[in-house]
Each structure stands twice: as structure tokens, then as C-alpha cells.
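Asks: The following comprises the amino acid sequence and a computationally predicted model.
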Amino acid sequence: MTRHVIVGKGAVGTTLAHLLADDGADVLVLSRSGGTSAGRITHAAVDATDVDALTAAVRGADVVYNCAAPPYHRWPTDWPPLWAALLDSAARTGAVLVSVGNLYGYATHGAVMTEDTPLDSTERKGMVRAQMWRDAEARHRAGDLRVTEVRAADYFGPYADSQAMVGPRFLTPLRAGKVVRTVVAVDQPHSWTYLPDLARALVAAGRTPDAWGRAWHVPTAEPLTVRELGERFAVGLPAPRIRPMPAAVVRALGLVSPLLREVAGVSDHFSEPYVMDTAASSRMLGLVATPWDAAVAETLGRTAVGGRA
């Protein structure tokens, strides 16, 4: 039986662990703080930047999933040592490394993104993510390891936490009929990835040798504006009241909030179309996106708004 190791226990790691366990697999979840083991899911405390400790924990695994999520404002400092350790441990153990990626490495200026869109972002978080993939791709081509990256748009779904754009901070006031304040523009088409679709794509990529050595987009439903997304989640309620904060206010708040400062740095993700094409990955991985109605119903039905299921 395939042995699965997940690095990171946030929204993505938790969703993936439950998907694998529900499918009958034994899963080891590694994080700095560990956790409570239950059923087929075992938690262990490991500093994933310590390559020797990580290698020891990973040894014997067939697939390692990178679901780590350093704080937004610490990507330039936290990702390089963590990514180096992940690559080295995969090379030492022979495990396939399947990494959660995102769209930050692209600089699209409104164009639809495909897996072949150049990684030419000049924003610092995007530059970090682009370099991570270049390093991994180079080592794969050299025969040093086996790796693939699965790139998601902003995600939503059960287990989505406070880091998610469409998490409790958005859904709780919306479902209560209150005004939802956003720090981004609300009327441009935007791709949104459903967390279970991301988890399924990670598993499929790890099982598909032809997918290794390149990046793939998560099969994702048709794009919606933030306003349209709010209308979907306000099913059965009066029309939602979604109010974007003025850009000047967001910039001012960024002086005291590292998170908002970084959000302001990628405001173009919402001030212009931010849409990805997922046709190639659907063909390669044999997956289709969950339709919007089902994804919304499952999110509202399985997640206690304001917390985790």
C-alpha cells in the first residue's frame, strides 16, 4: 500500500489527509507542533527545515505532499530553507514530491493563465514561488528527484481557515446578513479553487508518472467575481452587501498589518481578470471540477461558519 506523508496541517493538508484516510490510506502528517492522531491519520512534530529530521520522517514514503503555508509576509525568508529541505529529503529518499503551488509566479496583466504562462512576476511573493519551481524543475531534469507542482487559485471549502479569502472572515458576516468588508476589488472575474478538488488533484498527480516534472492547474469551475461568489454563498438569504475598502485605506492599514501590506502588493489579482485555464490538467489527471452548486452546498453543510468541521 502506498505510504503518504503530508507536510503541513493547515486547510490544504487537513483536507488532503481526510481524503486519503477516507480512501483507506494511512497518512502521516508532519508539522512543527504536531497534533492529535486519530484513525488512519497520524500526526508528528517535525521541523521541516531540518533536512535530517525531515528525511528520517519521510523515509519509506512513496509520496510526500508539500502543503506547508508560511505566513504571507514571511515567504521570502521562510520558503527558501523549507523548500531546500523538502527537495533534499525527496532526493535522499526517492519519494515523489507533490507540491501545492499557486498563481503568484505569473504576471498576466489580465490574460488567461495556463501552465505554459511564463513565471515572470516582479512581485516579491511571486518571485519566491517562481524560483521554487525553477529549482525543483532543474533537479527533476537532472534526475536528482521526482517532483510535480499543483497550482491552485484562491481556495474555499470545508476546513478553509482565516488565511483564506473566502473563509470565516467572509462567510460569517455574509451568512449573518451583515456587510462584508473586503480589501480587494469585487467586480472582476476570478478563479476560485475548491479545496477537495485541490486535494484530489494532488493525489492524482502523485499517482501519474506522466505528470511529474512539470506543473499543473487544479481543475477549477468557471470564474466568478467576488460579488457573484457572495451571491452564491448567500443562497436563501437577502442579496449580500459586499463593500470593498478604498485602496488608500488598505495601504494605510498595511503600515501596521503585515498581512494587509502583502495583500495590497497583489491587488492586481482582483483589479483585473485573474483566471486560469485547467483543460490540460483535466486531461492529464482525469479530473473535473466540482460544480459551483455542489461546492457551495458542501462548504455550507460541512463547515461550521467561523470554525472548522
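Replies: Cool, the structure landed. Worth saying up front: this structure is predicted, and the values here are computed from it rather than measured.
Asks: And the helices in the chain, which stretches?
Replies: Assigned by DSSP state H, the helices in the chain fall at 11-22, 51-58, 75-93, 124-141, 168-175, 195-207, 226-233, 247-254, 258-265, 268-271, 279-285, 292-302.
Asks: now for the first one, which elements pack on it?
Replies: What that stands for is helix 11-22. Taking 3 or more Cβ pairs under 8 Å, 6 or more residues apart in numbering; DSSP states H and E as contact, the helices and strands that helix 11-22 lies on are strand 4-7, strand 27-31, strand 41-45, helix 195-207. Heads up, the C-betas are built off the backbone N, CA and C, glycines and all.
Asks: So for it, what gets flagged as buried?
Replies: Neighbour-count burial for helix 11-22, counted by 16 or more other Cβ atoms under 10 Å, picks out 11-21.
Asks: low-scoring pLDDT stretches of this structure, where are they?
Replies: Per-residue confidence for the chain (pLDDT under 70) gives these ranges: 1, 302-309.
Asks: Can you give me the distance of the residue of it positioned farthest from its centre to residue 293?
Replies: The outermost residue of the chain relative to its centre, with distances by Cα atoms, centre = their mean, is residue 238 at 30.7 Å. According to Cβ to Cβ, to the nearest Å, residue 238 and residue 293 sit 19 Å apart.
Asks: Over to residue 11?
Replies: Distance of residue 11 to residue 293, computed by Cβ to Cβ: 22 Å.
Asks: and if you look at residue 132?
Replies: Here the distance between residue 132 and residue 293 works out to 35 Å (Cβ to Cβ).
Asks: With neighbour numbers in mind, choose between those two.
Replies: For the pair residue 132 and residue 293, the greater number of neighbours falls to residue 132 (24 against 11), based on other Cβ atoms under 10 Å.
Asks: surely residue 48 meets residue 29?
Replies: No. Counting by Cβ atoms under 8 Å, residue 29 is not a contact partner of residue 48; they are 11.4 Å apart.
Asks: Neighbour count: the two, which is higher?
Replies: Summary of the neighbour comparison: residue 48 and residue 29, criterion other Cβ under 10 Å, with residue 29 having more neighbours (25 against 22).
Asks: Surely that one and residue 6 touch.
Replies: Yes. Contact between residue 29 and residue 6 holds when scored by Cβ under 8 Å: they sit 4.8 Å apart.
Asks: quick one: common contacting residues for the two?
Replies: 13, 17 (Cβ atoms under 8 Å, 6 or more residues apart in numbering).
Asks: Compute the number of surrounding residues for the closest residue to residue 128 other than its chain neighbours.
Replies: The shortest distance from residue 128 to any residue that is not its chain neighbour, by Cβ to Cβ, 6 or more residues apart in numbering, is 4.9 Å, and that residue is residue 75. Around residue 75 there are 20 other residues, counting by other Cβ under 10 Å.
Asks: State the distance from residue 75 to residue 52.
Replies: From residue 75 over to residue 52 (counting by Cβ to Cβ), the distance is 24 Å.
Asks: likewise residue 179?
Replies: Counting by Cβ to Cβ, the gap between residue 179 and residue 52 amounts to 51 Å.
Asks: Cool, thanks, talk later.
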